[in-house]
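Asker: Structure for the following, please:
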Amino acid sequence: MSAHPREQVESEHLLKVRTLRRDDYKDLLAVTQEVYAAIGDTWTQRQFNRLISLFPEGQICVEDKGKVVAFALSIMLKYEDLDDNHTYNDIIGNHQFDTHNAAGDILYGIEICVSPEVQNLRLGRRLYDARKELCENLNLRGIIVGGRMPNYHKHAEELDARGYLEKVKTKSIYDPVLSFQLSNDFHIRTVVKGYLPYDSESKAFAVLLEWNNIWFEPKSPSVGKQKKFVRLGLVQWQMRSVAGVESLLENVEFFVDSVASYNADFLLLPELFNAPLMARFNEEGMAQAIRSLAGYTEQIRDQLLDWALSYNINIIAGSMPLVEDDKLYNVSYICRRDGSYDAQAKLHITPSEVGDWGMQGGDSLRVFDTDCGRVGILICYDVEFPELARILAANDMRILFVPFSTDSRNGYLRVRLCSQARAVENECYVAIAGSVGNLPKVSNMDVQYAQSAVFSPSDFAFPNQAVVAEATPNTETVVIADVDLTLLDELHTLGSVRNLIDRRDDLYDVVWKSASGPVDKAEIARRDGRRVKRARFS
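Answerer: Numbers count the residues shown, from 1 in each chain. Modelled structure (predicted):
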């Protein structure tokens, strides 16, 4: 095997949100037949093709390895023409869709459907997020849907429709449609009788729900467009004794769930966050204990990848020990929410890691593509070597993630100050996350010091002192911070100083010697017609 972790492997899922095409009909038909087997209701090829012709941007799907497994269909209407007392057939014009108004200001959702095989992946939320994105891009007033009440028939004898709805709103009763829609920031307009006359489960009732778009800046209509505003979630992790790997993963999922509930795009864990599992191997000696800890790495990585999918969040998995060809590495994983993952090994190893553990450095440096732009990962000590971040910035890195582990304020300040310097030098955002607390039964990991933070370049458009957000020192918590990627583009060409453009590469250079170098070595970026000077690689 190579001395660095493999870059890409086949995974169980590979998700992509996109607009539907005419050749997706067979997949769409299969999904509807699964979901509506009880009532036998499906979309015909003619109806599907007409929707694609009338409003292609409004027909959205999630594909998994090229196969459509979930979809959402919509039309546009004029808000002023919408009477609350309408039926589903009124909206779809008896399946002719002549009610669609290209000049409309409301997105009306006429269908959302998820294959039962993937309902644990929360794909419905992705489809609603895509609808909201489309609504914002088209500068529409909002989204309206007619929500079925499929569990109402179970309570109809003791509750009228109004009473049932109140129970669902207070979470006393769970309804698979209404509970989901209300959790997606929709509010209730009215209850409609006879919306779907043949819907016996809902007793022909439906709830008209609305989501209001508070953004009105015109944007180009697209789904899955790279984000301009990215939300980061940093976990300042408390080191504590755990009974086993299941207990550790329970703690991790708590933070994944918490950060995902803020609709964050990334979650960052600290370096060697799984160190509490080493306690059971402490009697083996430090070198053997960390190799035993490496036995959990694949299990933990796979679980994080599952959570990245189901919680719809990209997870930077701190770092964990990895043994390859009998060599010990310190490796971080980026688990993407599309089901793929990649690895970045720590390149520079501290004297204590070499002396106590026999750790070795990797030989590969990569920049990673995500749905929020290109990112890089430097593990702790690596951020103290400015050449690495410069090489990543030369390959369009926008956000640098630094998982770290330090035992004193002196060590922490080395990581912090170097991270702040990397943000200024390379005109990027830098997020750092570390652990706090103590592990009395784990040698070389017994005490921790951390203050997790997000740093920015230093110019007028960025926060005072170039700190976007930071945690309280030595306290278990999370940091949630939004970063604006458009500010980086402006800084590159219009900043008070321009560190990337003004490099004197006629006098000096940064050379990557390893064959395992960053991708796109020859790529030259042009922003606003001006060449951005890049590091040159051999």
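
Asker: Going by C-alpha atoms from here, please, whenever you check contacts or count neighbours.
Answerer: Fine.

Asker: Distance of residue 196 relative to residue 91?
Answerer: Separation of residue 196 from residue 91 (CA to CA, to the nearest Å) stands at 11 Å.

Asker: Show me which of the two is the more surrounded one.
Answerer: Taking neighbours as other CA atoms under 10 Å, residue 196 and residue 91 compare with residue 91 leading, 21 against 18.

Asker: I'd say that one and residue 101 touch.
Answerer: No. Counting by CA atoms under 8 Å, residue 91 stays clear of residue 101, with 11.3 Å between them.

Asker: Now list whatever residues contact both of these two.
Answerer: Here residue 91 and residue 101 have no joint contacts, going by CA atoms under 8 Å, 6 or more residues apart in numbering.

Asker: any low-confidence regions in the protein?
Answerer: Scanning the chain for pLDDT under 70 picks out the ranges 1-10, 37-40, 216-225, 517-538.

Asker: Find the centremost residue of it, please.
Answerer: Nearest to the mean C-alpha position of the chain, counting by CA atoms, centre = their mean, stands residue 313 at 2.7 Å.

Asker: Distance check, that one against residue 340.
Answerer: Here residue 313 is placed at a distance of 12 Å from residue 340 (CA to CA).

Asker: same thing with residue 494?
Answerer: For residue 494, the distance to residue 340 equals 36 Å [CA to CA].

Asker: Please say which of the two ends up with more neighbours.
Answerer: Taking other CA under 10 Å, residue 494 and residue 340 do not tie; residue 340 has more neighbours (20 against 11).

Asker: Look up phi and psi at the more buried one.
Answerer: Main-chain dihedrals, residue 340, degrees, to the nearest 10: phi -100, psi 160.

Asker: Tell me if I'm right that it and residue 64 touch.
Answerer: No. Using CA under 8 Å, residue 340 is not in contact with residue 64, being 11.5 Å away.

Asker: Count residues in the vicinity of residue 377, would you?
Answerer: Neighbour count for residue 377, taken as other CA under 10 Å: 31.

Asker: Now for it: which residues touch it?
Answerer: Shown in contact with residue 377 (CA under 8 Å, 6+ apart): 332, 344, 367, 400-402.

Asker: can you rerun that using 6 Å?
Answerer: Residue 377 sits next to 400-402 when contact means CA atoms under 6 Å, 6 or more residues apart in numbering.

Asker: Please indicate which of those residues are buried?
Answerer: 400-402 (16 or more other CA atoms under 10 Å).

Asker: Save those as CSV, and put in distance to residue 185 too.
Answerer: Formatted as CSV, these follow (distance: CA to CA, whole Å):
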residue, distance to residue 185
400, 32
401, 31
402, 33
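
Asker: Present those residues as TSV; the columns should include secondary structure and distance to residue 487.
Answerer: Shown next, in TSV, are the buried ones among the contacts of residue 377 (DSSP: H, G, I helix; E, B strand; the rest coil; distance: CA to CA, whole Å):
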residue	secondary structure	distance to residue 487
400	strand	16
401	strand	18
402	strand	21
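
Asker: closest to residue 155 among these?
Answerer: Within these, proximity to residue 155 (CA to CA) peaks at residue 401, which comes in at 50.4 Å.

Asker: That closest one contacts residue 431, correct?
Answerer: Yes. Using CA atoms under 6 Å, residue 401 makes contact with residue 431 at a distance of 5.0 Å.

Asker: Give me the neighbour count for the closest residue to residue 262 other than its chain neighbours.
Answerer: Once flanking residues are discounted, residue 262 sits nearest to residue 480: 7.9 Å by CA to CA, 6 or more residues apart in numbering. Neighbour count of residue 480, defined by other CA under 10 Å: 22.

Asker: now residue 53
Answerer: Neighbours of residue 53 (other CA under 10 Å): 12.

Asker: ok, the nearest residue to residue 78 once chain neighbours are set aside to residue 250 distance?
Answerer: Closest residue to residue 78 apart from its sequence neighbours, by CA to CA, 6+ apart: residue 104 at 4.3 Å. For residue 104, the distance to residue 250 equals 47 Å [CA to CA].

Asker: No further questions, thank you.
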